[in-house]
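> here's my sequence, what's the structure:
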Amino acid sequence: MEVRPGDLAACDPEFQRRHAGWIMRALRTWFRADIQGMENLPEGPFVGVGNHSGAVLIPDTLLWVGTYHTSGRKPPMVTLAHDGMFDAYPRRLASALAKLGAVRARREIAAEALRRGFAVQVYPGGDHDACRSFFRRNEIVFAGRKGYVELAREAGVPIVPVVSVGAHEALVVLWDGVSLAERLGLDRRFRLKAFPLSWSLPWGLWLGPLPGYVPLPAKISVRVLPPISAAGGDIDAIDARVRSSMQRTVDELARGRRFPWIG
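Sure, this is the predicted structure:
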């Protein structure tokens, strides 16, 4: 059976060992990264739930995933990713990202990964989160999505919030374009929830998904929070608890920052 980029079987631990290190060093240097809270990670499988920023590049996600892969921790981790990463990116790039642990954002793939002993990192906010406006850069945006709670509950694993601040200063999103995406039917055709207007290098003003960009040297902070049980209780209440803990942490990390690209 053919293994395609985005399949669980496409993950390649040997490829991760060879390449995650240098990728991580480059990211940490450029973004002056600060990673905290690794001691909060459980020993067994978990559902990591995060906010992510920076539109198509999502440097905070790359930074966190690279940190995890180079930390020597178990279990191995996969990250749910948008179909566009596998269908629209050049095949060699899509293949490399898949080997580094990116899998299609499918419920059945995530459930199978947890059954096989993987940790699964998810980003419920999707495009709504990654493409929110610069002026909302310090907001947790999940767009009402709570499937991660059900995923963790069904697998019997905890939820681990992973919070990041700073990546939404790698470019400037002026408008998320959610209403435009709806009018154009991009959700139905391409699963695109946003069609942002942004400013970045080297493109300047750009409407729609960027074909990559040169990130501004924003300082990125990532903090892993203590696990939250998904067992019992109301799903809405657990989701609210997760989001409120993440927003408090974002607010705390943001208070320590000064002008974008400096502090």
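
> what helices or strands is the helix or strand that contains Arg241 leaning on?
Using DSSP states H and E, Arg241 sits within helix 235-255. When contacts are defined as 3 or more CB pairs under 8 Å, 6 or more residues apart in numbering; DSSP states H and E, helix 235-255 packs onto helix 147-155, strand 159-165, strand 221-224. (Glycine included, C-beta is placed from N, CA and C.)

> deepest-packed of those, please.
Greatest average neighbour count among the helices and strands packed on helix 235-255 goes to strand 159-165 (a mean of 25), per mean count of other CB atoms under 10 Å.

> quick one: strands adjacent to the following helix or strand past that strand?
Later in the chain than strand 159-165, the nearest helix or strand by DSSP H and E is strand 172-175. Next to strand 172-175 in the sheet, as set by DSSP bridges, lie strand 197-200 (antiparallel).

> please state the offset of the strand it pairs with from the chain centre?
20 Å (CA atoms, centre = their mean, to the nearest Å).

> over to stretch 133-150?
In terms of CA atoms, centre = their mean, the centre of stretch 133-150 is set 11 Å apart from its chain centre.

> tell me where the protein has strands.
For the chain, the strands defined by DSSP state E cover 34-36, 47-50, 77-81, 102-104, 119-122, 159-165, 172-175, 197-200, 204-207, 221-224.

> of these, which is nearest Trp22?
Trp22 lies closest to strand 34-36 among those, at 17.0 Å (CB to CB).

> do me a favour and get the end-to-end distance for stretch 165-172?
14 Å (CA to CA, to the nearest Å).

> meant to ask about stretch 180-200
20 Å.

> who's in contact with it?
Stretch 180-200 is contacted from outside by 55, 82-84, 126-128, 130-131, 143, 170-178, 205-210, 213-215, using CB atoms under 8 Å, 6 or more residues apart in numbering.

> so how far is it off the chain centroid?
19 Å.

> try stretch 189-209
Remark: stretch 189-209 is offset 18 Å from the chain centroid, using CA atoms, centre = their mean.

> before we move on, what about stretch 209-228?
That offset, for stretch 209-228, works out to 8 Å (CA atoms, centre = their mean).
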